Structure formats: structure tokens, C-alpha cells
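Participant: what follows is a predicted structure for the sequence shown.
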Amino acid sequence: MKTVLALMTALMVLTPAAAGEERACPHGDPRAINKLVAPVVRQDGRLAGYAFVTPRLCLARGYSMSNVREEEHFLMDALVRAVHANPFILHQDGVETDRSDAENAFSRAVNGRFGANVIAFDLAGDDMRLIRR
């Protein structure tokens, strides 16, 4: 239990938002959509656990969240497919993950669905649950 608490604390410290790397949304706060459960795999490809993240969109001026909600089910399908094809990769230290492939796949899915109407995309949250093996 202490290991899990230490891991969760370390992950909270290492988030992009804590490091000041959060992307700015020029027209207000980014808009969150449904939460997503992303698989986390070890370097050898075996399942290590799951990460719970919230995709956030920065909408272009004149494009509202109601436009996104009309297409959200298609977007969530594309995001689920993207994250399972490009899971988060757990580093050897067992604490940090490499999200770059998944984030790139997410960005392609968002751009494919909304084009220029979404000007930025990021993943919020760092709750990761590892499987004991």
C-alpha cells in the first residue's frame, strides 16, 4: 500500500501541469470531454496497468461545446481505438510513463474529427493503477 501511495504522489509531482508545461487556451479554459481509461504497458509490451485521463479540447473562436457534444461519441470511439493501438509505456523506473505516441494518435483523431475547430488538445490527470504480478 505504501508503494502505491508513493507512486501516486510521485505521479502528481511529475504531471505536465505541475511542471508548468500546460498548454494555454487563448479563448478561455480548455473543455473536458468524457474520461478515458488508457492501458499502460511495460517495455516488453505486457500490460502493467491503466491510467485514467481526461481529454481536454481548446476550441476555436465561434465553435461551441454543443458542436463537440454532437460528435463526441465518434470522437470517443476514435480515442479509445487510438489509445489501445498506442498505449502509454511504463518506464523501467516504474513511475513515469511515455505518453507521446498516444498523444500524437489522439491529436490525429481530434484533427480528423474537428479539423481547425479544435486548436489545441491535451490530457489531464495522472491517476495510474498498476497491476500486481
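Facilitator: All right, it came through fine.
Participant: next one: Val4, what pLDDT does it get?
Facilitator: Here, the pLDDT recorded for Val4 equals 39.
Participant: all strands for this protein, in order.
Facilitator: Listed in chain order, the strands of the chain (DSSP state E) span 31-32, 36-41, 47-59, 88-90, 97-98, 118-130.
Participant: deepest in the core, which of those strands is it.
Facilitator: Scoring the strands of the chain by mean neighbour count under mean count of other C-beta atoms under 10 Å gives strand 88-90 as the most buried, with a mean of 21. Just so you know, the C-beta spots here come from the backbone N, C-alpha and C atoms, and that holds for glycine as well.
Participant: show me what that one is packed against.
Facilitator: Contact here means 3 or more C-beta pairs under 8 Å, 6 or more residues apart in numbering; DSSP states H and E; on that basis strand 88-90 packs against strand 36-41, strand 47-59, strand 97-98.
Participant: what distance separates it from the middle of the whole chain?
Facilitator: Put simply, strand 88-90 sits 12 Å off its chain's centre (C-alpha atoms, centre = their mean, to the nearest Å).
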